[in-house]
Every structure is written in C-alpha cells, then in structure tokens.
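K.L.:
Sequence and predicted structure are below.
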Amino acid sequence: MIPVPRETRERLDAYAAMLLRWNERINLIAPRDAAAFRTRHIEDSLQLLPLLPGNQAPAADLGSGGGLPGMVLALAEPGRLWNLVESDKRKSAFLQAVAGELGATNVTVHPRRIEDTTLPPLGVLTARALAPLRLLLPYAARFLAPEGIALFPKGKTAEAELTEATPSWSMAVERFPSGTDPSATLLRISGIRRAGL
C-alpha cells in the first residue's frame, strides 16, 4: 500500500464511495471489480505517485473514465493541476461531481474527445487501459512540454507494444514493476519525438 496522509486516504475513501454509488447507474468499472476496488484500482493508481516529477507542472489523464488514475492522483497531489479528458458525458459528469463534492479545485474536466482538446504544455501525461503505445505516443508528443514525461501502466503486452512503436518513435523508456499486478509494467517515457526528427 502506497503511504499517503490520513486526509488523503479519507478523500480517496469518499471518492471510492461515490464511484461505487454511481457505478450502479453508469458503467465506471466492471461489476466484478467493485469488491476489490480499493486494491484493484486505487492502489494501482497510487503506485504512480513516486514516479511523478516533483516540479508540480500541470498534468493530464487521457480517457479518464471513472478517474483512474487521474482523479486518484489529483486527490493525492492537490498542488498539481490535473486535466481529466473524458468524452463520455456521463463519466465526465461523474468526474465533475467528484471534484465539486470533494473540493478538488486542482481538477479541470474536459468533456470532449482527445483530438478536440487543447491543453497547456504538460509536465505529465497519463493513460490507463486506453490504447496501445502506437496510439498514445502521438498524444504524448502533442501535449507534453519538452521535459515532460508520460506514465503508462501496461499489462503483459508492454514489451510487444514498445517493439511495435520503436521504429516510429525516439524516446527514453524506464520500466517499473507493478506492485498490484505481477504481469504488469509501469512505463515512464520521456524525450518523445517522431523518429528522424
């Protein structure tokens, strides 16, 4: 379990309660995940905290869904501005409700498609269970500041996705083992640019 202050843990508990309540009406997580939500999803998101840069540069979570990992990280890191991009109107309404109810003034929800979103140069970009790397890297190149990093939790396909993306992209890749899934890898990627540029 990632150590966080008691106040943060209380906010995360309140978020989890809201998500499970809303999940009865809209599909935020798979029903089978509800019983293990805190370990399966919250701890899985929190393990990204130590990998974030300490400069508090703005961040974005693409395809936020129910707020994993973006809302969890925003609640744990109130000093950083988090942009949560989610095109599903019901899911973005949930994210706005969480931010309002929990006083997460560092959260801005963008209820639109990623392709139609404009963001400031970012220090951090996250995406969990959204798309393969070959589709995520163009977004990272578009949204990240030159010194920015992308954090992409990946399952057992991580190495295959890197192999597929490498011919088209130049990047520095760091791999960290997941603490919640032995078959998963946390990728921290920097210096992302098209190969040959």
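P.N.:
Yep, that arrived.
K.L.:
Going by neighbour count, list what's buried in stretch 137-152.
P.N.:
Across stretch 137-152, burial judged by 16 or more other C-beta atoms under 10 Å covers 137, 139-141, 143-144, 148-152. All C-beta atoms are positioned from the backbone trio N, CA, C, and that covers glycine.
K.L.:
Could you list every helix and strand in contact with the helix or strand of the chain with the lowest mean pLDDT?
P.N.:
Ranked by mean pLDDT, DSSP states H and E, the weakest helix or strand in the chain is helix 37, scoring a mean of 74. With contacts defined as 3 or more C-beta pairs under 8 Å, 6 or more residues apart in numbering; DSSP states H and E, helix 37 has these neighbours: helix 6-22.
K.L.:
And the contacts of the helix it packs on?
P.N.:
Under the criterion C-beta atoms under 8 Å, 6 or more residues apart in numbering, residues 4, 28-29, 34, 37-38, 42, 66-67, 71-72, 75-76, 94, 97-98, 101-102 lie in contact with helix 6-22.
K.L.:
For these, which PyMOL command selects only the ones that are buried?
P.N.:
Those of these that count as buried under 16+ other C-beta under 10 Å are selected in PyMOL with:
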select buried, resi 4+28+29+34+37+42+66+67+71+72+75+76+94+98+102
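K.L.:
Tell me which of the contacts of helix 6-22 fall in helices.
P.N.:
Of the contacts of helix 6-22, the ones assigned to helices by DSSP state H are 37, 71-72, 75-76, 94, 97-98, 101.
K.L.:
the helices in this protein, which residues?
P.N.:
Assigned by DSSP H, the chain shows helices spanning 6-22, 37, 44-46, 70-76, 89-101, 133-143, 158-165.
K.L.:
Need those helices in TSV (columns: distance to residue 60).
P.N.:
Formatted as TSV, the helices of the chain follow (distance: least, C-beta to C-beta, whole Å):
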stretch	distance to residue 60
helix 6-22	19
helix 37	23
helix 44-46	15
helix 70-76	8
helix 89-101	13
helix 133-143	6
helix 158-165	20
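K.L.:
ok, and which of those helices has the densest surroundings?
P.N.:
Mean neighbour count (mean count of other C-beta atoms under 10 Å) peaks for helix 70-76 among the helices of the chain, with a mean of 27.
K.L.:
which residues touch that helix?
P.N.:
With contacts defined as C-beta under 8 Å, 6+ apart, helix 70-76 is touched by 4, 8, 11-12, 15, 41-42, 45-46, 48-49, 52, 59-61, 64, 80, 82, 84, 95, 98-99, 102, 104, 106-107, 126.
K.L.:
before we move on, the earlier item: how about the buried residues of stretch 137-152, which pair is most distant?
P.N.:
Farthest pair in the buried residues of stretch 137-152 (C-beta to C-beta) is 141 and 151. Separation: 15.2 Å.
K.L.:
pLDDT below threshold where in the protein?
P.N.:
Along the chain, segments meeting pLDDT under 70 span 32-35, 197.
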